[in-house]
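Q: predicted model, plus sequence, below.
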Amino acid sequence: MSFQAYLDSIKAKTGKTPDDFRVLAAEEGLTQYGEIMAWLKSDFGLGHGHANAIAQLLVHPEARNVEPDDRVAKLFAGNKAKWRQPYDTLLAELLGFGTDVATAPTNTYISLLRGSKKFGIVQHVRNILKQNGRAAIVVPDNVLFEGGAGETVRRRLLQDCDVHTLLRLPTGIFYAQGVKANVLFFDRKPASATPWTQRLWIYDLRTNRDFTLKTRPLARSDLDDFVACYNPANRHARKATWSEANVVGRWRSFGYDELLARDKVNLDISWLRDDSLEDSANLPEPDVLASEIMEDLQAALEQFRAIAEDLAV
């Protein structure tokens, strides 16, 4: 579903155009994104995705002049053009899941949506991966800890695949400070009554590491220690760098039973002491703190939204 299709379906449901909503919002004195979203949902019965489309136009009117296809083209411009064909191929595959699959491109990334939820890309990669095929995908932190469907996907992934490595990436290396992401490595395996995942090895490249896009970008050399720990020649002969005697080690593993015993099979695991929390002089910049707080709040809201949807069933 394109952005214009969103607007068309909104008009079919409510009889109103974005300009109509703009006038009504002004009459109500609504100017902030959050209050506009709540108003659209409560007064007009719009779902999250449709309400977001209108709210974005009201808060950022300049966005109306930028077509989604133009945003996608811009994202794959220059040295990123090589990724356009894989994106088109993946999108064609995803659109086959139903008419409720949609894209929501921004100036920096593209969200894949199904209904009002972000699409379960991890589950899809697992489904299309051939037996003994290997995958490494970048996922945001919420994929590691969200309950509901997220917990179900993690349980099945640990059962059906050998989920062997998780790289906790530092913030600020993609497009914005405060954005937390990880690289999840797993191999697809044949059907088995016993789980394929035996141990998940985690490398923490985030805690007490500071990177930025301009002044301190992530370099290949910053990954040398991770690559050595990963031991691609024989990953079954890995050795942890963390121990009771070396509490600053960034590389350690957790057994399958340990993972399942965690609340909601939460894979968002950290063990290093964050120096910025111990020493106020080392606190991140205010904009970084604000971004992290906003992301945590957004994750919490997504969880509350899922609960609300479950209660409405």
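A: Ah, there it is.

Q: find the centremost residue of the protein, please.
A: With distances taken as C-alpha atoms, centre = their mean, Pro140 lies nearest the centre of the chain, 3.1 Å away.

Q: ok, now how distant is the nearest residue to that residue once chain neighbours are set aside from Leu297?
A: What sits nearest to Pro140 in space, not counting adjacent residues and going by C-beta to C-beta, 6 or more residues apart in numbering, is Ala181, at 5.4 Å. (Each C-beta comes from the backbone N, C-alpha and C, glycine too.) Ala181 sits 18 Å away from Leu297, taking C-beta to C-beta, to the nearest Å as the criterion.

Q: how about Phe44?
A: 24 Å.

Q: and these two? Which one has more around it.
A: More crowded of Phe44 and Leu297, by other C-beta atoms under 10 Å: Phe44, with 17 against 10.

Q: so the residue nearest to the centre of the chain is in contact with Val183, correct?
A: No. Look at Pro140 against Val183 with C-beta atoms under 8 Å: they stay out of range, at 11.5 Å.

Q: where do the helices sit along the stretch 101-250 of the chain?
A: Here the stretch 101-250 of the chain has its helices, by DSSP state H, counting those that start in this stretch, at 121-128, 142-145, 149-160, 224-230.

Q: any idea how many residues pack against the residue nearest to Asn231 when sequence neighbours are not counted?
A: Closest residue to Asn231 apart from its sequence neighbours, by C-beta to C-beta, 6+ apart: Arg238 at 5.2 Å. Per other C-beta under 10 Å, the neighbour tally for Arg238 reads 16.

Q: what separation do you get for Arg238 and Cys229?
A: 7 Å.

Q: between these two, which contacts overlap?
A: Trp201, Trp251 (C-beta atoms under 8 Å, 6 or more residues apart in numbering).

Q: returning to that earlier point: just put the helices of the stretch 101-250 of the chain in a markdown table and tack on mean pLDDT and distance to Ala55.
A: Converted to a markdown table, the helices of the stretch 101-250 of the chain look like this (pLDDT from 0 to 100; distance: least, C-beta to C-beta, whole Å):
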| stretch | mean pLDDT | distance to Ala55 |
| --- | --- | --- |
| helix 121-128 | 77 | 24 |
| helix 142-145 | 89 | 21 |
| helix 149-160 | 90 | 25 |
| helix 224-230 | 97 | 40 |
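
Q: quick one: closest of those to Phe254.
A: helix 149-160 (11.0 Å; C-beta to C-beta).

Q: that closest one: which residues count as buried?
A: Within helix 149-160, the residues that qualify as buried are Gly150, Val153, Arg154, Leu157, Leu158, Gln159, Asp160, counting by 16 or more other C-beta atoms under 10 Å.

Q: and stretch 242-257, by the same measure?
A: Taking 16+ other C-beta under 10 Å as the criterion, stretch 242-257 shows Trp242, Gly249, Arg250, Trp251, Arg252, Ser253, Phe254, Tyr256 as buried.

Q: quick check, nearest of the residues you listed to Leu169?
A: The closest of the buried residues of stretch 242-257, once distances to Leu169 are taken by C-beta to C-beta, is Arg250, at 12.5 Å.

Q: could you dump the helices of the stretch 101-250 of the chain to JSON lines with distance to Asn208?
A: Shown next, in JSON lines, are these (distance: least, C-beta to C-beta, whole Å):
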{"stretch": "helix 121-128", "distance to Asn208": "28"}
{"stretch": "helix 142-145", "distance to Asn208": "20"}
{"stretch": "helix 149-160", "distance to Asn208": "27"}
{"stretch": "helix 224-230", "distance to Asn208": "14"}
